[in-house]
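Trainee: My questions are about this predicted structure, shown below with the sequence.
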Amino acid sequence: MKGTDHGTLSKARVAVFATACGITVANIYYAQPLAHTIGQALSMPAVLAGLVVTVTQIGYAAGLVLLVSLTDLMENRRLVIATLLADAVALVAMAVAPVVSVFFLAVFAVGFFSAAAQILVPFAAHLVPEMRRGRVVGNVMGGLLLGIMLSRPLSTLLSGWFGWQAVFYFSAVVMVVLAVMLRFQLPVRQPQHNNSNYLLILGSLWHLFRTTPLLRRRALWQGLLFAGFNLFWTATPMVLSGPRFNLSPHGIALFLLAGAAGALAAPIAGRLADKGLSQPATGVAMLMVALAFASTFLAWSLHSVTIFVIAAIVLDAGVQTHQVLSLRAIYTLPAEARGRLNGLFMTGVFLCGSSGALLAGALYSRVGWQAVAVAGCIISLLALLSFAAKTANQAKEASDNQS
């Protein structure tokens, strides 16, 4: 399959894309619950141990710009396979690094090459006609969210049983197996790049961002919701392990697993988008995030883990729904720029969303959960107000055109 011709994706092949996305993106999050353990093993100062997650995320952000843009230039299957194999090498380097400097270079590389997950999403979108695109993107993104949500409890369990290095050895083996499987499961797709080259592709990024208001709006809205997502998931383990709830590490792992149920919203969101219901579904998704944070006030006052679980599922469903709707909208733009558009969107979301993780620790340590919940409500309501203002402007323009 070449260019932008649409083929057909069977349910089994969609599942392959979804699984590959989830397995690949999990590499960014394996180290999150292990940062303290890794720091002790490598005799790092506490400040450097705290940078393990940050450096992984910086690498991922760099990959979203520098690697995902190649989707519009290189044959996609070859690009995915090469990136996964490079990720496997970086994961082994993390496990065997003899000194801290080598370890952090490997950490950056793992984040960078794990951006392969965002090569797979537009790749899948290219392979289906527009009428099915939302459903397929929703299913693939559901796999990606499951990878994010399951990575932390999985790394905690593997580290507890076999040591922290085993987590990265295990993932490296999985990356190699995945690369071999995708060699036979993915079709060939050579993008139509009109004699472009890598420097021209990178040089076009700012022009694309500046001239595509849909991209900017959707990146802002999803960035705000993702900031709320990171705010919630950074602070909840701290509050649930504290004296008010006193959950064990296994209890927190089960809480993380329960939150993964929000991934079930992704295919539903894709179907809504295919039916032309993106506009109302966008508002509902933002409202879900705000209500999830608001409900945690009740969970806090009643000491109710159950309400926290429900809030987690609703919040994840809202964030995931909006992301699928956003990608579906962005993929209606010129197909020859789809990889770059996806990379720009995810970079904006990731950079904006990272502020949530930074904010969570400061708010919880200084004020408590109530401050986290208020911040989450404000962030999600800002997205909702921006969306409402844009919708009102569109309605006014449509009315003026009719009159």
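Mentor: Happy to help now that I have it.
Trainee: I'd like to know which elements the helix or strand encompassing residue 177 is packed against.
Mentor: Assigned by DSSP states H and E, residue 177 belongs to helix 164-185. Packing partners of helix 164-185 (3 or more CB pairs under 8 Å, 6 or more residues apart in numbering; DSSP states H and E): helix 11-25, helix 35-41, helix 76-96, helix 130-162. C-beta: built from backbone N, CA, C; applies to glycine.
Trainee: please redo it, this time with the cut-off set to 10 Å
Mentor: For helix 164-185, the packing partners by 3 or more CB pairs under 10 Å, 6 or more residues apart in numbering; DSSP states H and E come out as helix 11-25, helix 35-41, helix 76-96, helix 100-113, helix 130-162.
Trainee: so what secondary structure elements neighbour the following helix or strand past it?
Mentor: Using DSSP H and E, the helix or strand that directly follows helix 164-185 along the chain is helix 198-203. Helices and strands touching helix 198-203, by 3+ CB pairs under 10 Å, 6+ apart, are helix 46-66, helix 338-366.
Trainee: Rounded mean pLDDT for helix 198-203, please.
Mentor: Averaging pLDDT along helix 198-203 yields 83.
Trainee: What are the contacting residues of that helix?
Mentor: Helix 198-203 is contacted from outside by 65-66, 69-74, 193-194, 196-197, 337, 339-340, using CB atoms under 10 Å, 6 or more residues apart in numbering.
Trainee: from the residues you listed, which has minimum pLDDT?
Mentor: Among these, residue 194 has the lowest pLDDT, at 58.
Trainee: Give the closest residue to residue 306 in space, chain neighbours not counted.
Mentor: residue 299 (7.9 Å; CB to CB, 6 or more residues apart in numbering).
Trainee: so what's the closest residue to residue 60 other than its chain neighbours up against?
Mentor: Leaving aside its sequence neighbours, residue 60 sits nearest to residue 111 (CB to CB, 6+ apart; 4.0 Å). By CB under 10 Å, 6+ apart, the contact set of residue 111 is 27-28, 31, 53-64, 87, 90.
Trainee: What does the pLDDT read for residue 111?
Mentor: Residue-level pLDDT assigned to residue 111 equals 91.
Trainee: and the gap between it and residue 122?
Mentor: According to CB to CB, to the nearest Å, residue 111 and residue 122 sit 20 Å apart.
Trainee: Skip the chain neighbours and tell me the closest residue to residue 109.
Mentor: Nearest to residue 109 is residue 90, by CB to CB, 6+ apart, at 3.7 Å.
Trainee: can you check residue 104 too?
Mentor: For residue 104, the spatially nearest residue (CB to CB, 6+ apart) is residue 55, at 5.6 Å.
Trainee: I'd guessed the one you found sits against residue 105; true?
Mentor: Yes: assessed by CB atoms under 10 Å, residue 55 is found in contact with residue 105 at 9.1 Å.
Trainee: between the two, who's got more neighbours?
Mentor: More neighbours surround residue 55 than the other of residue 55 and residue 105, with 20 against 16 (other CB atoms under 10 Å).
Trainee: Spit out the contact partners of the more buried one.
Mentor: Residue 55 neighbours (CB under 10 Å, 6+ apart): 31, 48, 103, 104, 105, 106, 107, 108, 109, 110, 111.
Trainee: The third one: neighbour count?
Mentor: Applying the criterion other CB under 10 Å, we find 22 residues in the vicinity of residue 103.
Trainee: again with the first one
Mentor: Residues near residue 31, counting by other CB under 10 Å, number 25.
Trainee: if I look at the closest residue to it other than its chain neighbours, how far off is residue 114?
Mentor: In this structure, residue 31 finds its nearest non-sequential neighbour in residue 52, 5.1 Å apart by CB to CB, 6+ apart. Applying CB to CB, the value for residue 52 to residue 114 is 14 Å.
Trainee: before we move on, what about residue 162?
Mentor: 22 Å.
Trainee: These two - which one has more neighbours?
Mentor: Of the pair residue 162 and residue 114, residue 114 is the one with more neighbours under other CB under 10 Å, namely 30 against 12.
Trainee: Spit out the contact partners of residue 274.
Mentor: Residue 274 touches 130, 131, 132, 133, 134, 135, 136, 137, 138, 328, counting by CB under 10 Å, 6+ apart.
Trainee: just residue 363 next, same as before
Mentor: 231, 234, 235, 369, 370, 371, 372, 373, 374, 375, 376 are the contacts of residue 363 under CB under 10 Å, 6+ apart.
Trainee: In space, what's closest to it - neighbours in sequence excluded?
Mentor: residue 371 (4.2 Å).
Trainee: Distance from the chain centre to the helix or strand hosting the one you found, please.
Mentor: Residue 371 is part of helix 369-402, with elements assigned from DSSP H and E. Offset of helix 369-402 from its chain centre (CA atoms, centre = their mean, to the nearest Å): 22 Å.
Trainee: Please consider this matter closed, and thank you.
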